[in-house]
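Novice: Need coordinates for the following:
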Amino acid sequence: MARVHLPGGLSAHTGGLECVDVDATRVGELILDLTLRFPGLAEPIRGMAIAIDGEIYNDAPYHALRDDSEIYFVPPVAGG
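Specialist: Numbers count the residues shown, from 1 in each chain. A predicted model of the protein is given here:
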């Protein structure tokens, strides 16, 4: 199962969990699984990039996942 690491601010939507295992073969399936399990995540993760095994993607719903993939949701960064 892929391991999903969530930024600390999202743990309020997951009952305190900052790390969740998800059985998904593609990013779109992973996001669907997360939002079905934790409906409060749907809005906050919408604008986030996703890092898959150290590679950051802004839009990757069809990107394949391995059983041992490490996924991080990356909040938008502002500044200048």
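
Novice: Just give me the residue closest to the centre of the protein.
Specialist: Centroid-nearest residue in the chain: residue 73, 4.5 Å away (criterion: CA atoms, centre = their mean).

Novice: What residues does it make contact with?
Specialist: Contact analysis of residue 73 by CB atoms under 8 Å, 6 or more residues apart in numbering lists 4, 5, 6, 7, 10, 45, 48, 49, 50, 51. Yep, even glycine has a C-beta here, placed from its N, CA and C like the rest.

Novice: Tell me both backbone torsions, phi and psi, for residue 5.
Specialist: The phi and psi values for residue 5, taken as degrees, to the nearest 10, are phi -110, psi 120.

Novice: Find the nearest non-adjacent residue to it, please.
Specialist: Leaving aside its sequence neighbours, residue 5 sits nearest to residue 72 (CB to CB, 6 or more residues apart in numbering; 4.7 Å).

Novice: Wait, that neighbour touches residue 49, no?
Specialist: No. Contact between residue 72 and residue 49 fails when scored by CB atoms under 8 Å: they sit 9.0 Å apart.
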